[in-house]
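In: Dropping the sequence and predicted coords here.
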Amino acid sequence: MGKIQDLKNAILVQLFKHLPWLAERWARGHQFVEGKGIPWAPLGKPLRESCIAMVTTAGVHLKSQPPFNMEDPDGDPTLRAFPADADKDDLTITHKYYDHSAADRDINVVLPIDRLRELTEEGFIGRIAPTLYSFMGHIDGPHLKTLMEETAPEVAERLLREGAEAVVLTPA
């Protein structure tokens, strides 16, 4: 059953990529979670003095970490955390709900860590938070509650402890 679902997902990714109207039609029939309000807080100091974190939903993780669960059709609400100075060659992507072939060649497509490093070197931002956080962007069903009530708040607490004052969120 897993290989059939993988093939179905691969076909849908390509169809949605080349036929945007089909993706729009699918989205109209899908029930999405709507946020209540905008979680916004003004930055209390200039970016050049601030600690900037990065969070992605692209399914990025260290090759040495367990992959995200691709067998559960509702996704995987867990997180992967890894050092912000990790070598790009040590990273991989476990996600079959989008075409990540370009990101497989250059992780900056979904996790622009090199751009953030350049902004730090050029003095536009103060520093990069020590840990990068990654989720699998495909979360549905009962896992939504886990993500919203457990995993996401855990990451928010970690970011605060690490001194992050702003977050770059990169979807995939």
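Out: That came through, no problem.

In: Any stretches of the chain with poor pLDDT?
Out: Judged by pLDDT under 70, the chain has its weakly predicted residues at 1-6, 9-10, 12, 26-27, 30-33.

In: can you pull out the strands in it?
Out: Listed in chain order, the strands of the chain (DSSP state E) span 51-56, 60-62, 80-83, 91-93, 127-128, 131-134, 166-170.

In: can you redo those strands as TSV with mean neighbour count and distance to residue 43?
Out: For the C-beta atoms, the positions are set from N, CA and C on the backbone; glycine is no exception. Shown next, in TSV, are the strands of the chain (neighbours: other CB atoms under 10 Å; distance: least, CB to CB, whole Å):
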stretch	mean neighbour count	distance to residue 43
strand 51-56	22	10
strand 60-62	24	25
strand 80-83	16	23
strand 91-93	20	28
strand 127-128	18	14
strand 131-134	25	19
strand 166-170	16	6
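
In: Could I get these in CSV, plus columns for distance to residue 39?
Out: As requested, these are exported to CSV (distance: least, CB to CB, whole Å):
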stretch, distance to residue 39
strand 51-56, 13
strand 60-62, 22
strand 80-83, 20
strand 91-93, 26
strand 127-128, 21
strand 131-134, 16
strand 166-170, 10
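
In: Right, I'll leave it there.
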